[in-house]
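[1] Let's see this in three dimensions:
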Amino acid sequence: MNLDELPSIIHGTDPGEIIPFSFEIDMKRTLDDSFIESLVEFCKLNKLSAAVLVKDRKVLAIHEEQVVAISSRPVMEFEADDIFTTISADDRDAAIAATGRFEVDDLVVTQDNVEIPFKRVYSEENALGRIFYVRLDGITTHAETYAEQRLSDDPFAGRHNGTFFEYDNYLNEKKFDDMLRWATEQKASDISLQPNIPVMAQIGSDIVPITRIPINTDEIDRIVRHVSSQSGPAEVLGGAALDPAHEVFIKKKGRIRFRVNVTGGRSYGGSSAQISIRSLPTTPVDIKLLNLEPELIHAATNPKMGLVLFCGPTGSGKSTTMSSLVRYKVELPDGNIKVLEFSQPIEHVYDALVMPSSFVFQTTVGQELRDPDGGSDFAYAVKNAMRRKPHWIIIGESRDTDTMQNTLAASQSGHLVLSTMHSTSVANTIRRAVNMFPENVRQQMAIDIMEQLRLICVQQLIPKIGGGRIAIREFMVFGEEVREKFLREETRKWPSLTRRLFAEKSVIGQSMNEAALRALMAGQITEEEYEKAAATGIDV
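    Predicted structure coming up:
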């Protein structure tokens, strides 16, 4: 995007229509010329090719040819004046009068002694007044460059460097949040706290201690109160499991969200709890970064109605894959869908996306919506969705009979329903879905499930050569002919039919063995990892 286009774009756009970026720059203090250094570092870190300061507007930036807002408040007029007057008025005004713009080369040196060259650009625009730009010439907006940045931020791409989070003997609330910031920089995907051992985390494919000091029960109770409520420890002691979300602010990155689970259990000398923490990406990953098979993308996003299931163990990235496909669809100019999501908690948000003809509304099940009669909150959420005429319904997890039954009802009523399940193969997914129901109705429910299935995708993350992990997927597309083949077969033979269809290559999809073999042949995984990954796709 040419900077000359920005004044007209900004002037012709309502401030509320400019989408917020995934992260916000810190503007708690009055802005002066020193703010420019922070702004340049923020742009470099987040691959922003330019930033724009205009009085009475939020700080704007260019990200992938799109104008986005990167601040929570507007620039005050006196702040804009202070920044504008840091350059000699005579030189500046003469250049602006002659060319409409005054540029000067500058340099920021970070605390790590990294030099970031940039241009200060000053201009006048009648309708908006003075405009100041920061332009980083080394930033491109090509998809490949963006992919490299997102992959470098991938928590699964990390490798532990042997360091520890250091603190003085007691892990209080502030130190806990500091530890989360440190763990984010280390690309830790899962963090666990329990009494009498150090804090443990998964970094890449390794589980390692990240503190030198064991945690005690008093620290556990204090952190539980910090992430949930003052009554949190008592609730856990009474048998409740807590599932709060927690946020910390990281300089130059903005607010980072975490999914937290607190579960009670025995500890040395009495009862305590384990705290499990997983980072929650704020915006769904661009589909280009996931190397999804085109057939899978089409099968997940093209049907008008039916059931699409994303499966795998906890932490396998199934929700990441599902949300990326939702992003792909809603970003299409002709997407034309209304999406309702019901999850616990919300793991990905769509606020920063440009959705030309679609929109998404998300609800936290059990918190913002619960069954008033004490039944399944997820089942109640599906019933709620069907009264609101969506095109797509996203159910965070089909975890019980009532939810699955209502999910089927929604897909039968003309909606496309996307959901997740914990299963290890296509055949195992079908069996688990069917076995949710009582034996006396199981046969009929099996038929209902098969009539609605459009896609099952099972994903796992396995260690990659060189560090980090790689996603491999088994998937099967359930077109009309495939569904008919299953419906003509006895349900008890469906697992063997699944294997036969994969072996005969008479179905659109791939087995876990094929996916793992492809990764092995590409030099991405070892033979040992190939054998383990291929075995998980075998339904016994």
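[2] got a pLDDT number for Arg370?
    At Arg370, the model reports a pLDDT of 90.
[3] For it, which non-adjacent residue is spatially closest?
    In this structure, Arg370 finds its nearest non-sequential neighbour in Asp377, 4.9 Å apart by Cβ to Cβ, 6 or more residues apart in numbering. Heads up, the C-betas are built off the backbone N, CA and C, glycines and all.
[4] and if you look at Lys175?
    Tyr167 (4.6 Å).
[5] did I read that right, the one you found in a helix?
    No - under DSSP: H, G, I helix; E, B strand; the rest coil, Tyr167 sits outside any helix and is assigned coil.
[6] and whichever strand or helix holds Glu531, which residues are buried?
    Taking DSSP states H and E as the criterion, Glu531 maps to helix 527-536. Of all the residues in helix 527-536, those buried under the rule 16 or more other Cβ atoms under 10 Å are Glu529, Tyr530, Ala533, Ala534, Thr536.
[7] Please report the distance of the third one from Glu527.
    If you measure Ala533 against Glu527 using Cβ to Cβ, to the nearest Å, the figure is 11 Å.
[8] Could you do Glu484 as well?
    Taking Cβ to Cβ, one finds Glu484 at 39 Å from Glu527.
[9] Equivalent analysis for Ser319, please.
    30 Å.
[10] for Val507, same thing?
    Taking Cβ to Cβ, one finds Val507 at 27 Å from Glu527.
[11] Where does pLDDT dip in this structure?
    1-17, 22, 84-101, 111-113, 124-130, 137-159, 205, 252-253, 280-282, 537-540 (pLDDT under 70).
[12] let's go with 50 and repeat that
    Along the chain, the parts satisfying pLDDT under 50 run over 126-127, 140-157, 539-540.
[13] what's the domain layout of it?
    Here the domain parsing of the chain from the TED database is 3-136, 173-279, 287-537.
[14] In JSON lines, list these along with distance to His160.
    Shown next, in JSON lines, are these (distance: least, Cβ to Cβ, whole Å):
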{"stretch": "domain 3-136", "distance to His160": "20"}
{"stretch": "domain 173-279", "distance to His160": "4"}
{"stretch": "domain 287-537", "distance to His160": "9"}
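[15] Quick check: which of these is buried the most?
    Greatest average neighbour count among these goes to domain 287-537 (a mean of 19), per mean count of other Cβ atoms under 10 Å.
[16] wait, doesn't Glu79 sit right on Ser34?
    No - using Cβ atoms under 8 Å, Glu79 makes no contact with Ser34, being 11.9 Å away.
[17] and which of the buried residues of helix 527-536 is nearest Arg388?
    Sorting the buried residues of helix 527-536 by how near they are to Arg388, with Cβ to Cβ, puts Thr536 at the top with 37.9 Å.
[18] surely the closest one meets Gln460?
    Yes - between Thr536 and Gln460 a contact is recorded at 6.2 Å, counting by Cβ under 8 Å.
[19] Ramachandran angles for Glu490?
    Backbone torsions of Glu490, given as degrees, to the nearest 10, read phi -60, psi 140.
[20] Could you pick out the longest strand of the protein?
    Assignment by DSSP state E gives strand 254-267 as the longest strand of the chain.
[21] residue ranges for the strands of the stretch 51-200 of the chain, please.
    Assigned by DSSP state E, counting those that start in this stretch, the stretch 51-200 of the chain shows strands spanning 58-63, 66-74, 101-109, 115-125, 129-135, 188-193, 200-203.
[22] Just put those in JSON lines and tack on distance to Asp373.
    Output for these, formatted as JSON lines (distance: least, Cβ to Cβ, whole Å):
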{"stretch": "strand 58-63", "distance to Asp373": "45"}
{"stretch": "strand 66-74", "distance to Asp373": "40"}
{"stretch": "strand 101-109", "distance to Asp373": "59"}
{"stretch": "strand 115-125", "distance to Asp373": "59"}
{"stretch": "strand 129-135", "distance to Asp373": "56"}
{"stretch": "strand 188-193", "distance to Asp373": "35"}
{"stretch": "strand 200-203", "distance to Asp373": "39"}
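[23] Out of those, which is closest to Ala299?
    Nearest to Ala299, of all the strands of the stretch 51-200 of the chain, is strand 188-193, at 27.8 Å by Cβ to Cβ.
[24] so what does the closest one touch, helix or strand wise?
    Judged by 3 or more Cβ pairs under 8 Å, 6 or more residues apart in numbering; DSSP states H and E, strand 188-193 is in contact with strand 200-203, helix 217-227, strand 270-280.
[25] Since that was my last question, I'll sign off now.
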